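Student: Here's my sequence, what's the structure:
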Amino acid sequence: MEALKSSEAKGWNADKTALVVIDLQKGIASSGRPIAPHTVEEVVQNASKLVKAFTEKGAFVVLVRVSSLDGKDMLTPKTDMKMNPAQYAAGWDEFIPEIADTPNAHTITKRQWGAFYGTDLDLQLRRRGIDTIVLCGISTSIGVDTTAREAYQHGYHQVFVEDAMTATTQEEHDYVCQYIFPRIGQIRSSEEVALSLR
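Tutor: This is a model prediction of the structure:
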């Protein structure tokens, strides 16, 4: 493992840092869609390690899922890409078992890609004096990226856990990690984050 970056020499303060896990739910993690570069199993393993580390340190953990009441609360813009109507199987919005029973985790239900719009995420973070969020989940280029851009506009410091997220293609994942995330935060591995949380 590379030496930890000097900015983490003292580690991230667990009282000021939250872990935000994006869309690790049954209908997304078990969808069977192609993903890259990391497998679902790798993402789940690394995200679970982070959830455990944050919970043990008493840090704030937020589990985010996308769900719908009747389909009418979801966005349906006119697009050039043909989109098939979403089919919501029973239990598709339930968190995966590996993180579902995380003690004291705050859960967010969103109706779009980003976790800030129309939710109480910003409110809950600010009430706890949190200024830094650690992001992971599926997918890098949709839910994680959109939430990251919203967090940037809200003024949060951010850490992106590269090996605890994945996308539909490696090209999508790599583009966001190479050109977007370095402009708005820091990219680290799950091991680096877990070891640096103080």
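Student: Tell me which stretches of this protein form strands.
Tutor: Counting by DSSP state E, the segments of the chain that form strands are 17-22, 60-66, 106-110, 132-138, 157-166, 186-188.
Student: for those, which one ends up most surrounded?
Tutor: Per-residue neighbour counts averaged over each of the strands of the chain give the maximum for strand 17-22, namely a mean of 27 (mean count of other C-beta atoms under 10 Å). Every C-beta, even on glycine, is put in place using the N, C-alpha and C of the backbone.
Student: Using TSV, lay out the strands of the chain together with mean pLDDT.
Tutor: Listed next are the strands of the chain as TSV, based on pLDDT from 0 to 100:
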stretch	mean pLDDT
strand 17-22	98
strand 60-66	98
strand 106-110	98
strand 132-138	98
strand 157-166	98
strand 186-188	98
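Student: Save the ones you listed as JSON lines, and put in distance to T79 too.
Tutor: JSON lines is the format used below for the strands of the chain (distance: least, C-beta to C-beta, whole Å):
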{"stretch": "strand 17-22", "distance to T79": "22"}
{"stretch": "strand 60-66", "distance to T79": "18"}
{"stretch": "strand 106-110", "distance to T79": "20"}
{"stretch": "strand 132-138", "distance to T79": "21"}
{"stretch": "strand 157-166", "distance to T79": "23"}
{"stretch": "strand 186-188", "distance to T79": "29"}
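Student: out of the ones you listed, which comes closest to R33?
Tutor: Shortest distance between R33 and those, using C-beta to C-beta, is found for strand 132-138: 9.6 Å.
Student: contacts for the closest one?
Tutor: Where contact means C-beta atoms under 8 Å, 6 or more residues apart in numbering, the residues beyond strand 132-138 that reach it are 12-13, 16-24, 28-29, 35, 40, 43, 46-47, 50, 54, 64, 125, 143-144, 147-148, 151, 156-161, 164-167, 190, 193.
Student: State which helix of this protein is the longest.
Tutor: Taking residue count as the measure and DSSP state H as the definition, the longest helix of the chain comes out as helix 40-56.
Student: how about that helix as CSV, C-alpha atoms only?
Tutor: Output in CSV follows, covering the C-alpha atoms of helix 40-56 (Å, rounded to 0.1, in the frame of the first residue of the first chain):
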residue,chain,number,x,y,z
VAL,A,40,-20.4,-6.1,-7.0
GLU,A,41,-18.7,-8.4,-4.6
GLU,A,42,-15.7,-6.2,-4.4
VAL,A,43,-17.7,-3.1,-3.9
VAL,A,44,-19.9,-4.7,-1.2
GLN,A,45,-16.9,-6.1,0.6
ASN,A,46,-15.1,-2.7,0.6
ALA,A,47,-18.2,-0.7,1.5
SER,A,48,-19.0,-3.1,4.3
LYS,A,49,-15.5,-2.6,5.7
LEU,A,50,-16.0,1.1,5.7
VAL,A,51,-19.4,0.9,7.4
LYS,A,52,-17.8,-1.3,10.1
ALA,A,53,-14.9,1.1,10.6
PHE,A,54,-17.2,4.2,10.8
THR,A,55,-19.6,2.5,13.1
GLU,A,56,-16.8,1.4,15.4
